[in-house]
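Undergrad: coords please:
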Amino acid sequence: MKGISHSLWRKLVATFLVAAGFVLVYQATIRDSHFAAQQALSQASKADPGPGMHLRFDATAYCKGEVTASGLPPRSGIAAADSNVLPTGSVVQISNLGSHYDGIYTIMDTGPVIKGRLLDLYMWSCYEALDFGRRSVEVLVLRLGWNPRATEPNLFDTLWPFSDWPATAPTPTPAAPQNPRR
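TA: Numbering: from 1, shown residues only. Below you'll find the predicted structure:
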């Protein structure tokens, strides 16, 4: 190495390092679209719901019932969900079901069998509900409802813990029937 000057030696080492760095960066594996799609599906199946989130759920249908868990009669556009995943009052947009069922649903019901990422859509026709079966759906959370079990007591409850406020309005006692012929 007697014939190569010290300056030339530095230039050759620097050039080699830059070329090796360029080759390493150029040869780096770039995530392909298939891998990115798998990652998105994995995230959609594990993420906690929140407004604006795209999530993957299974959907079934039901047709019977007098009153939902929220106290309203069932009707089209109402769905049941696990209140730990989507609390009552949540508004979701469902897709991948076909134009007849795609749309906006309000979570107004719960059920003993509805656990995890399962939605139960109300349908007027029991035949249609039976034909619906179980389908995988894409859910966009538009608004997250309120889960009273997930909140802390307010200041009044903390300062006045022995308050006996009724959770619902008291039910009136039935009046005695009156005889109109008196």
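Undergrad: from here on, contacts and neighbour counts on C-alpha atoms
TA: Fine.
Undergrad: Let me see the ranges of the strands in this structure.
TA: Under the criterion DSSP state E, the chain contains strands at 54-62, 78-81, 91-95, 103-109, 118-122, 135-143.
Undergrad: For residue 22, which of those is the nearest?
TA: Proximity to residue 22 (C-alpha to C-alpha) singles out strand 54-62 among the strands of the chain, at 37.9 Å.
Undergrad: in its sheet, what does that closest one sit against?
TA: The strands beside strand 54-62 in its sheet (DSSP bridges) come out as strand 118-122 (parallel), strand 135-143 (antiparallel).
Undergrad: which one of those strands lies closest to residue 19?
TA: Residue 19 sits nearest to strand 135-143 of all those, at 46.5 Å, using C-alpha to C-alpha.
Undergrad: Any idea which helix or strand in the chain has the lowest mean pLDDT?
TA: Comparing every helix and strand of the chain by mean pLDDT, DSSP states H and E singles out helix 33-46 as the least confident one, with a mean of 61.
Undergrad: okay, the strands paired with strand 54-62 in JSON lines with distance to residue 110, mean pLDDT and mean neighbour count next?
TA: What follows is the strands paired with strand 54-62, written out as JSON lines (distance: least, C-alpha to C-alpha, whole Å; pLDDT from 0 to 100; neighbours: other C-alpha atoms under 10 Å):
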{"stretch": "strand 118-122", "distance to residue 110": "9", "mean pLDDT": "90", "mean neighbour count": "24"}
{"stretch": "strand 135-143", "distance to residue 110": "17", "mean pLDDT": "89", "mean neighbour count": "19"}
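Undergrad: With distance to residue 5 as extra columns, can I get these in TSV?
TA: Output for the strands paired with strand 54-62, formatted as TSV (distance: least, C-alpha to C-alpha, whole Å):
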stretch	distance to residue 5
strand 118-122	74
strand 135-143	67
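Undergrad: Out of those strands, flag the one nearest residue 25.
TA: Shortest separation from residue 25 across these is recorded for strand 135-143, at 36.7 Å, computed as C-alpha to C-alpha.
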